[in-house]
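Trainee: What follows is a protein structure lacking sequence information:
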Ligand SMILES: Cc1cc2nc3c(=O)[nH]c(=O)nc-3n(C[C@H](O)[C@H](O)[C@H](O)COP(=O)(O)OP(=O)(O)OC[C@H]3O[C@@H](n4cnc5c(N)ncnc54)[C@H](O)[C@@H]3O)c2cc1C
C-alpha cells in the first residue's frame with residue numbers, strides 16, 4: 001500500500017490523498033451505518049483522467065477500489081475496503097453543459113441530483129428522478145444504484161433519464177457508453193451495476209419540461225386497506241399520477257413528532273397523490289380522483305407551492321422521523337406487485353405482532369415499492385436480532401409474492417445474501433460472467449451484490465459441474 005500511496009501522491013494534489021487515520025474514518029460507512037470498514041487510502045480526484053490513473057495504479061498493484069459519491073447509499077454499496085482505495089467524487093462537481101434545445105445536461109459524477117434541477121428550473125425544466133436524498137446524493141451514485149423516487153411511477157428511474165456515460169473501466173480505460181450505440185445496451189448494463197463495472201466520470205442526463213399544471217392531494221383514510229383499495233382504483237381508472245405515496249399510522253405519528261406536518265388526526269393511512277401534465281387533463285383526472293377517494297375522511301388539496309411542500313414534508317422526512325419514536329431502526333426496501341399490497345401489508349402486521357417489533361410503513365404505493373421501517377431498541381437484548389428476522393422475513397414475503405428484494409436502494413453488501421433466494425445458481429453465475437467481462441480481475445467494488453464466498457452456506461446447494469453457457473462454449477469462465 002505504501003508504494004501505491006507514493007504513486008498516488010505523484011499526480012494528485014496533497015489534500016486529495018488521505019491516509020490520516022482520523023480523516024479516513026469519515027469514510028468508513030455509507031447511509032447503512034451498520035457495516036463499517038476503514039479504507040486503506042482515500043483519494044479525491046478532480047478529473048476523469050485522474051480517476052483513470054488511480055484505477056490503472058490499482059490494477060498494477062492488484063489493489064481493489066470502491067467508488068463513493070455522497071455516501072447516502074442504504075445498502076452498504078460504498079462500504080470501503082481496508083486493503084483498498086476509496087475513490088470519492090466530491091471534487092467532481094461541475095455542470096459542464098446545459099443544452100436546452102436538445103433537453104440535455106452533461107455533468108460530473110459528484111454533482112448532486114437537485115443541483116441539476118436548480119440549474120435549469122428558471123428556464124422551465126427539471127431532472128425527473130427525485131430520490132428523497134436528492135439534496136445530497138450524487139448523480140454518479142444515482143447511476144450506480146439506478147435510483148428512483150416518488151415521481152418515478154410516471155417518469156421512470158435513472159435508467160430512463162441517462163443518455164450517455166463516460167466511464168473508467170475496471171482496468172483504467174476511459175470509454176463512453178451511449179444510448180444510441182448499436183449492439184448490446186452496455187449503458188443499460190452499467191446503470192444499476194453498483195460500482196462493480198467501472199466508475200462514471202461524466203453523465204449526460206435528459207431534462208424534462210416542467211408540467212403546465214400540478215395538483216397535489218392528501219387523502220386520509222381510516223385504514224391502510226382503504227388506502228390500498230384507493231391506489232388500485234386510481235391505477236385501474238387509467239390515471240397515472242406523477243406520484244402515489246402511502247404512509248401508515250405509525251409513520252404518520254413519527255412524521256408528526258419530527259416535523260409537525262399536521263396530517264389529519266386519527267388517520268390509519270394517508271395517501272399523497274400528485275397529478276401533473278396539461279391543465280385540462282389534470283383537472284379531469286382530479287375530478288375522477290375525488291370520486292375514487294369518496295370514502296376518505298379528509299381530502300386536502302394544495303392551493304399553492306407552499307401548501308404542496310407542506311403535504312410532502314411529512315413524507316420526505318419519514319425515514320429520519322422514525323428516530324423520534326424509536327432509538328434504532330432498519331430501513332427495508334422491497335417490491336411487490338401492486339395487487340399484492342393488501343396481503344403483504346397484513347402479513348407484515350402479523351410478523352410485527354409475532355416478534356414484538358413495530359413496523360412503520362412508508363411506500364411508493366403506485367409501483368408496490370415498500371419501505372418498511374423496522375423499529376427496535378438497540379439497548380434491549382435480542383431486539384436487534386428480532387428486528388433482523390422481521391426485516392429478512394419481509395424480503396421473503398416480497399419474493400413469495402413475485403416481487404424483488406430491492407426496489408431502489410440496491411443490493412450492496414447488505415442484501416447479497418438474499419440474492420440466492422431470488423436467483424438460481426445458474427442465474428448468479430451468468431451475472432458473474434457479465435461482471436467478469438468488465439472486470440476480470442475482480443477489483444471493482446468486490447464483495448458487493450453477489451454472495452461470497454460461495455461455499456460458506458450462503459448459496460443453497462453447491463454448483464455441480466460447469467455453467468451451461470460455459471459448457472456450450474458460449475461463454476468463458478474467468
Ligand atoms: C434519507 C435517505 C433517503 C433516500 N431516499 C431514496 C429514494 O427515495 N430513492 C432512492 O433510490 N434512493 C434513496 N436513498 C438512497 C441513496 O440516496 C441513493 O442510493 C443514492 O443514489 C446514492 O447516491 P450517493 O452519491 O450517496 O452514492 P454512494 O452512497 O456514495 O454510493 C452508492 C453506490 O454507488 C457507487 N458509486 C458512487 N459513485 C459512483 C460513480 N461515479 N460511478 C460508479 N459507481 C459509483 C458506490 O460504489 C456504491 O456502490 C436514500 C438515502 C437516504 C439516506
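Mentor: Looks like it arrived, so ask away. This one's a predicted model, so the numbers in the text were calculated from it and none came from an experiment. Numbers count the residues shown, from 1 in each chain.
Trainee: ok, which stretches of the stretch 351-478 of the chain are helices?
Mentor: In the stretch 351-478 of the chain, the helices defined using DSSP state H, counting those that start in this stretch lie at 383-400, 419-422, 425-438, 468-471.
Trainee: typo on my end, the stretch 1-150 of the chain
Mentor: With DSSP H, counting those that start in this stretch as the criterion, the stretch 1-150 of the chain has helices spanning 2-9, 21-24, 48-61, 113-120, 139-145.
Trainee: now these in TSV, with mean pLDDT, mean neighbour count and distance to the ligand?
Mentor: C-beta coordinates here come from the backbone N, C-alpha and C atoms, glycine included. Output for the helices of the stretch 1-150 of the chain, formatted as TSV (pLDDT from 0 to 100; neighbours: other CB atoms under 10 Å; distance: least, CB to the nearest ligand atom, whole Å):
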stretch	mean pLDDT	mean neighbour count	distance to the ligand
helix 2-9	96	15	18
helix 21-24	96	11	16
helix 48-61	97	19	8
helix 113-120	97	20	8
helix 139-145	98	30	2
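Trainee: As a markdown table, the ones you listed with distance to residue 262 would be great.
Mentor: A markdown table is the format used below for the helices of the stretch 1-150 of the chain (distance: least, CB to CB, whole Å):
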| stretch | distance to residue 262 |
| --- | --- |
| helix 2-9 | 52 |
| helix 21-24 | 42 |
| helix 48-61 | 47 |
| helix 113-120 | 25 |
| helix 139-145 | 31 |
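Trainee: Near the ligand, which residues of the stretch 1-150 of the chain are found?
Mentor: Applying CB under 6 Å from any ligand atom, one finds that the stretch 1-150 of the chain approaches the ligand through 30-31, 66-74, 77-78, 89, 109, 131-133, 137-138, 140-142, 144-145, 147-149.
Trainee: quick revisit: relative to residue 445, which of the helices of the stretch 1-150 of the chain is closest?
Mentor: Ranking the helices of the stretch 1-150 of the chain by proximity to residue 445 (CB to CB) places helix 139-145 first, at 8.8 Å.
Trainee: what distance separates the closest one from the middle of the whole chain?
Mentor: Distance, stretch centre to chain centre, for helix 139-145: 8 Å (CA atoms, centre = their mean, to the nearest Å).
Trainee: same for the helix or strand following it, what does it pack against?
Mentor: Sequence-wise, the next helix or strand beyond helix 139-145 is helix 152-155, with elements assigned using DSSP states H and E. Helices and strands touching helix 152-155, by 3 or more CB pairs under 8 Å, 6 or more residues apart in numbering; DSSP states H and E, are strand 243-248.
Trainee: Which one, of the helices of the stretch 1-150 of the chain, ends up nearest to residue 264?
Mentor: Go through these one by one with CB to CB and the one that ends up closest to residue 264 is helix 113-120, at 29.2 Å.
Trainee: right, and the helices of the stretch 1-150 of the chain - which one's nearest residue 271?
Mentor: The closest of these to residue 271 is helix 113-120. By CB to CB, the value is 24.9 Å.
Trainee: And that closest one, what does it pack against?
Mentor: Secondary structure elements in contact with helix 113-120, counted by 3+ CB pairs under 8 Å, 6+ apart, are strand 95-99, strand 104-107, strand 125-126, helix 139-145.
Trainee: Tell me which of the ones you listed sits nearest to residue 433.
Mentor: Across the helices and strands packed on helix 113-120, residue 433 has its closest neighbour in helix 139-145 (20.2 Å, CB to CB).
Trainee: Tell me how many other residues crowd residue 355.
Mentor: Other residues near residue 355 number 18, with proximity taken as other CB atoms under 10 Å.
Trainee: Now do the contacts for the closest residue to it other than its chain neighbours.
Mentor: By the measure of CB to CB, 6 or more residues apart in numbering, the closest residue to residue 355 outside its immediate chain neighbours is residue 386, 4.7 Å from it. Residue 386 makes contact with 355-357, 376 under the criterion CB atoms under 8 Å, 6 or more residues apart in numbering.
Trainee: again, only this time at 10 Å
Mentor: For residue 386, the contact set (CB atoms under 10 Å, 6 or more residues apart in numbering) comprises 354-357, 374, 376, 380.
Trainee: For it, give its distance to the ligand.
Mentor: Taking CB to the nearest ligand atom, to the nearest Å as the measure, residue 386 and the ligand are separated by 24 Å.
Trainee: For that residue, give me the pLDDT.
Mentor: Residue 386 carries a pLDDT value of 93.
Trainee: Then residue 131?
Mentor: pLDDT, the model's per-residue confidence, is 91 for residue 131.
Trainee: That one is in contact with residue 72, isn't it?
Mentor: Yes. Contact between residue 131 and residue 72 holds when scored by CB atoms under 10 Å: they sit 8.2 Å apart.
Trainee: Quick check: phi and psi at the residue nearest in space to the middle of the chain.
Mentor: Among the residues of the chain, residue 409 comes closest to the average C-alpha position under CA atoms, centre = their mean, at 3.1 Å. Taking degrees, to the nearest 10, you get phi -90, psi -10 for the backbone angles of residue 409.
Trainee: Make a markdown table out of the helices of the stretch 351-478 of the chain and add distance to residue 40.
Mentor: Below are the helices of the stretch 351-478 of the chain laid out as a markdown table (distance: least, CB to CB, whole Å):
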| stretch | distance to residue 40 |
| --- | --- |
| helix 383-400 | 29 |
| helix 419-422 | 27 |
| helix 425-438 | 22 |
| helix 468-471 | 34 |
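Trainee: For residue 17, find the nearest of the ones you listed.
Mentor: Nearest to residue 17 among the helices of the stretch 351-478 of the chain is helix 425-438 (26.3 Å), distances taken as CB to CB.
Trainee: and the closest one with the ligand, contact?
Mentor: No. Between helix 425-438 and the ligand, judged by CB under 6 Å from any ligand atom, nothing touches; the nearest distance is 11.8 Å.
Trainee: How about stretch 166-180?
Mentor: No. Under the criterion of CB under 6 Å from any ligand atom, the ligand is not reached by stretch 166-180; the shortest gap measures 7.2 Å.
Trainee: so is residue 299 in a helix, a strand, or just coil?
Mentor: Taking DSSP: H, G, I helix; E, B strand; the rest coil as the rule, one finds residue 299 in the strand state.
Trainee: these two touch, right, it and residue 215?
Mentor: No. Under the criterion of CB under 10 Å, residue 299 is not in contact with residue 215, lying 11.5 Å apart.
Trainee: Now do the shared contacts for these two.
Mentor: When contacts are counted by CB under 10 Å, 6+ apart, residue 299 and residue 215 have 273, 289 as shared neighbours.
Trainee: and the closest residue to residue 42 other than its chain neighbours, how many neighbours?
Mentor: Leaving aside its sequence neighbours, residue 42 sits nearest to residue 18 (CB to CB, 6+ apart; 4.1 Å). Residues within reach of residue 18, counting by other CB under 10 Å, total 19.
Trainee: Could you list the contact residues of the stretch 301-450 of the chain toward the ligand?
Mentor: Within the stretch 301-450 of the chain, the residues that sit near the ligand (CB under 6 Å from any ligand atom) are 319, 408-409, 445.
Trainee: coming back round to it: and the residue nearest to residue 42, how close does it get to the ligand?
Mentor: 16 Å.
Trainee: What does the pLDDT read for that residue?
Mentor: At residue 18, the model reports a pLDDT of 97.
Trainee: who touches it in this structure?
Mentor: Residues counted as contacts of residue 18 (CB under 10 Å, 6+ apart) are 5, 24, 26-27, 39, 41-44, 86, 88.
Trainee: wait, the residue nearest to the centre of the chain sits on residue 148?
Mentor: Yes. Counting by CB under 10 Å, residue 409 does reach residue 148; the two are 9.4 Å apart.
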